[in-house]
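Trainee: here is a sequence together with a model predicted from it:
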Amino acid sequence: MTFLFSIALTATTVFAQQKQPLPNPMIDYGAFLTGATNVAALREQRRVTEEQFIRMAGDSGTIILDARSAEKFQMLHVTDAKHLSLPDMTAAELAKIIPTRSTRVLIYCNNNFRNEAAAFPAKAMAASLNIYTFNSLHSYGYTNVYELGPLIDITRTKLPLEGTRLQKQ
């Protein structure tokens, strides 16, 4: 009985130690969850059609932001899009391509396009780059963000595209 009690006590101690947060002032998962919860309704209101995206992109001062990898961006992207890979997003890097925090920013990701798996490989729905990009921009204080909503066949899109994949066809 003492042996079982000792094992149970050890397991409880190990479990309790695992529950203890590791201190790191540069990481705040709670703030991430709060931020994601706070922007969820706004994000849903800011998802736009292909036609709305094209119209908004034509407005002076609007920035189209592509947060995919540099390799995928070079293959194919919306014409005039600015590139900043999500892992490289910092306040300083964002400020280089987005003039103010109130500038209108349009975003799109892999999961907006089908029939071009090389340039736009599909991600798991919960891992869609749009979700992270929208939340990240809001975390940095960018308040005028809009997201391309639909899944669009790359062979039928009205969006102007450029990149090395078009040159090969």
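Mentor: In hand now; what should we look at?
Trainee: surely Asn135 meets Thr37?
Mentor: No: with contacts counted by C-beta atoms under 8 Å, Asn135 stays clear of Thr37, the gap being 10.0 Å. C-beta here means a position set from N, CA and C on the backbone, and glycine is covered the same way.
Trainee: these two: which is more packed in?
Mentor: Asn135 (18 against 9; other C-beta atoms under 10 Å).
Trainee: mind checking the SS state of the residue nearest to that one when sequence neighbours are not counted?
Mentor: Excluding the flanking residues, the one nearest Asn135 by C-beta to C-beta, 6 or more residues apart in numbering is Ala36, at 5.3 Å. At Ala36 the chain is in helix, as set by DSSP: H, G, I helix; E, B strand; the rest coil.
Trainee: who are the contact partners of the residue positioned nearest the centre of the chain?
Mentor: Among the residues of the chain, Thr133 comes closest to the average C-alpha position under C-alpha atoms, centre = their mean, at 2.4 Å. Going by C-beta atoms under 8 Å, 6 or more residues apart in numbering, Thr133 touches Leu65, Ala67, Leu86, Ile107, Cys109, Glu147.
Trainee: and the second one, how far from Glu44?
Mentor: Per C-beta to C-beta, to the nearest Å, Ala67 is found 19 Å from Glu44.
Trainee: what about those two, which has more around it?
Mentor: Ala67 (24 against 10).
Trainee: state the pLDDT value of that one.
Mentor: pLDDT, Ala67: 98.
Trainee: okay, Ala67 and Gly30: tell me how far apart.
Mentor: For Ala67, the distance to Gly30 - C-beta to C-beta - is 24 Å.
Trainee: what do you get for Asn111?
Mentor: Distance from Asn111 to Gly30, by C-beta to C-beta: 27 Å.
Trainee: could I get the phi/psi values of Asn135?
Mentor: Backbone torsions of Asn135, given as degrees, to the nearest 10, read phi -60, psi -40.
Trainee: from now on call the first residue 532
Mentor: Will do, 532 is the new start, and the previous item becomes Asn666.
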